[in-house]
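Colleague: this one's sequence-less:
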């Protein structure tokens, strides 16, 4: 992904050179049209003439607007907020520079609110991690005009990469929580329901704050699970009877409370939730248990737990920043805990049936298939960034990319899935570009479509929804005059389960190379079948 950065000082040490190009210092004359991401990284210059400095900063937004107007409107734009690195104030009551800085930052926030392809990154969020004396190294500034201390470059790169992951909705999905001395002080089996430390004075107050923080995090779509060596009946009773426990059964999507080893229990939780082990974060006060998971399940993230309860707020901020922060939320993110609980109910319901078709019929499955619009485009883009297992090509797209597909005439569909146990929300997407197969003239009708992307969330797999979704879209394409559909399978480390999906769907294999990538074609004829137990709304 090619990035072009507008800057007013030396910043190569912060961003590197790989697929990154830079403007000249304070140069807005050139706006290359082939960049994928544009970054505006201006900072307050080092000048002692306060009036001149304020006037210069006040002009930055106008400069930004001048380049913004020349950028392709479907490309991502990242604006770094202004920070006064030097901060000399001889006259403390003169707030003109602060107001100019605040004005730029406010306008950046307003642009992000009104344009989905614009995101704001807060420079102060990074700088606040360090003593102000570390922000600048004057030796390097005088030698190379590097305003931000090059010694912070390694940390900045990690910080910036994580912020870009937030924008792309990449984060861990699940927290696996221990109980004793992790969510409360003491040992339930020894201290009893009333004896564990939760709420009230310290240290119980610290554990209560931690539980409250985790409860709020779950509202952003992070799945909370429990893996504890305890008697299950004791924990269930504590959840029910101790009024200070915030994280009770209502917040927990799945749990393993037994005396088995935690590595086996975590694998079982991943299987039950149908998520990858690499999407899980294990939190336990016991260093022996943490080391076991590091050794046995190295793909699971295992942060160090704080030594003292009063460190829990800082610990929570750390794990949020490192693993779970998002730039923005979709409605599906907010519903995720309930969706995973509903999946458990579906699994329980399935055990009652001997015929799988009867089970699916009993679920009353409703599929709502829609074209991309202003409401569902953020979720479609998010799914392209996050979905790995059922993803035929694993191409990653931004909201601006999805809008560009639709503007260019591609078919962009999403599917919402609900049943008698609940609403899974938007959980699948198909992007089909169109081309003229027989006549390349601009007036010729498109008769060939290529499936650029087909993906489904792992939590709705195993019910034939993927077949019903694709067949419905193929019927839509046929109604639009498409006679031939091309498709690809591009292998990754995580999508092997779909390597023969197009074969099963009746597509003709055209070619397959050594690494498994395959090309397919399908000639559309009669309408394709959608099972009668699916209620499809188009």
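Modeller: Done, it's in. Computed from a prediction, not measured in an experiment: that's the story for all the values here.

Colleague: Not counting its own residues, what contacts the lowest-mean-pLDDT helix or strand in the chain?
Modeller: Ranked by mean pLDDT, DSSP states H and E, the weakest helix or strand in the chain is helix 331-350, scoring a mean of 72. Outside helix 331-350, the residues that touch it by Cβ atoms under 8 Å, 6 or more residues apart in numbering are 218-224, 251, 253-254, 272-274, 326, 356, 359, 362-363, 379, 382, 419, 421-427, 459. (Each C-beta comes from the backbone N, C-alpha and C, glycine too.)

Colleague: and the angle for the helix or strand that it is followed by with helix 331-350?
Modeller: Proceeding N to C from helix 331-350, the next assigned helix or strand is helix 356-363, under DSSP states H and E. Interaxial angle of helix 356-363 relative to helix 331-350 (axes from the mean of the first three to the mean of the last three Cα atoms, to 10 degrees): 130 degrees.

Colleague: Can you point out the buried residues in the helix or strand just after helix 356-363?
Modeller: Going down the chain from helix 356-363, the next helix or strand is strand 365-371, by DSSP H and E. For strand 365-371, a neighbour-count test (16 or more other Cβ atoms under 10 Å) marks 365, 367, 369-370 as buried.

Colleague: Counting by contacts, list what strand 365-371 packs against.
Modeller: strand 411-419, helix 465-479, strand 534-537 (3 or more Cβ pairs under 8 Å, 6 or more residues apart in numbering; DSSP states H and E).

Colleague: where's residue 433, which helix or strand?
Modeller: strand 422-435.

Colleague: mean confidence for that strand?
Modeller: Throughout strand 422-435, pLDDT has a mean value of 91.

Colleague: ok, back up a step: tell me the angle the least confident helix or strand of the chain makes with strand 422-435.
Modeller: With the same axes, to 10 degrees applied, the angle from helix 331-350 to strand 422-435 works out at 120 degrees.

Colleague: Helix 331-350: which residues count as buried?
Modeller: 332-333, 335-337, 339-343, 346.

Colleague: ok, which pair from those is furthest apart?
Modeller: 333 and 346 (20.6 Å; Cβ to Cβ).

Colleague: Check the gap between the closest residue to residue 501 other than its chain neighbours and residue 482 for me.
Modeller: By the measure of Cβ to Cβ, 6 or more residues apart in numbering, the closest residue to residue 501 outside its immediate chain neighbours is residue 392, 6.6 Å from it. As judged by Cβ to Cβ, to the nearest Å, residue 392 and residue 482 stand 18 Å apart.

Colleague: Residue 365 too?
Modeller: 27 Å.

Colleague: Show me how the protein divides into domains.
Modeller: 3-167, 174-324, 348-537 (automatic domain parsing).

Colleague: who's more crowded, residue 392 and residue 482?
Modeller: Counted by other Cβ atoms under 10 Å, residue 392 and residue 482 do not tie: residue 392 has more neighbours, with 24 against 20.

Colleague: Start and end of stretch 192-201, how far apart?
Modeller: This stretch, stretch 192-201, spans 18 Å end to end (Cα to Cα, to the nearest Å).

Colleague: for that stretch, which positions count as buried?
Modeller: In stretch 192-201, counting by 16+ other Cβ under 10 Å, buried: 196-199.

Colleague: Likewise for stretch 316-331?
Modeller: By neighbour count with 16+ other Cβ under 10 Å, stretch 316-331 contains the buried residues 316, 319-320, 323-326, 330.

Colleague: Any stretches of the stretch 401-538 of the chain with poor pLDDT?
Modeller: Residue ranges of the stretch 401-538 of the chain with pLDDT under 70: 436-445.

Colleague: With pLDDT and distance to residue 413 added, can I get the buried residues of strand 365-371 in CSV?
Modeller: Formatted as CSV, these follow (pLDDT from 0 to 100; distance: Cβ to Cβ, whole Å):
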residue, pLDDT, distance to residue 413
365, 93, 17
367, 96, 11
369, 96, 6
370, 96, 7
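
Colleague: Relative to residue 47, which of these is nearest.
Modeller: Closest to residue 47, out of all of the buried residues of strand 365-371 and judged by Cβ to Cβ, is residue 370, at 53.6 Å.

Colleague: For that closest one, which non-adjacent residue is spatially closest?
Modeller: Nearest to residue 370 is residue 414, by Cβ to Cβ, 6+ apart, at 5.8 Å.

Colleague: Residue 470 too?
Modeller: Per Cβ to Cβ, 6+ apart, closest to residue 470 is residue 505, 6.2 Å.

Colleague: what sits against that neighbour?
Modeller: 467, 470-471, 522.

Colleague: Is it possible to get those out as JSON lines so that each row also shows distance to residue 74 and neighbour count?
Modeller: Listed next are the contacts of residue 505 as JSON lines, based on distance: Cβ to Cβ, whole Å; neighbours: other Cβ atoms under 10 Å:
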{"residue": "467", "distance to residue 74": "32", "neighbour count": "17"}
{"residue": "470", "distance to residue 74": "27", "neighbour count": "25"}
{"residue": "471", "distance to residue 74": "31", "neighbour count": "19"}
{"residue": "522", "distance to residue 74": "29", "neighbour count": "20"}
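
Colleague: Would you point out the most distant pair within those residues?
Modeller: Maximum pairwise distance among these (Cβ to Cβ): 13.5 Å, between 467 and 522.

Colleague: now the stretch 1-150 of the chain, which segments are flagged as low pLDDT?
Modeller: 89-93.

Colleague: rerun at 80
Modeller: Within the stretch 1-150 of the chain, the segments meeting pLDDT under 80 span 1, 87-94.

Colleague: which stretches of it form strands?
Modeller: 3-7, 20-25, 37-41, 76-80, 118-121 (DSSP state E, counting those that start in this stretch).

Colleague: can you redo those as TSV with distance to residue 306 and mean neighbour count?
Modeller: Converted to TSV, the strands of the stretch 1-150 of the chain look like this (distance: least, Cβ to Cβ, whole Å; neighbours: other Cβ atoms under 10 Å):
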stretch	distance to residue 306	mean neighbour count
strand 3-7	37	21
strand 20-25	37	15
strand 37-41	34	22
strand 76-80	31	23
strand 118-121	28	20
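
Colleague: possible to save those as JSON lines with distance to residue 489?
Modeller: JSON lines is the format used below for those (distance: least, Cβ to Cβ, whole Å):
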{"stretch": "strand 3-7", "distance to residue 489": "30"}
{"stretch": "strand 20-25", "distance to residue 489": "32"}
{"stretch": "strand 37-41", "distance to residue 489": "28"}
{"stretch": "strand 76-80", "distance to residue 489": "28"}
{"stretch": "strand 118-121", "distance to residue 489": "32"}
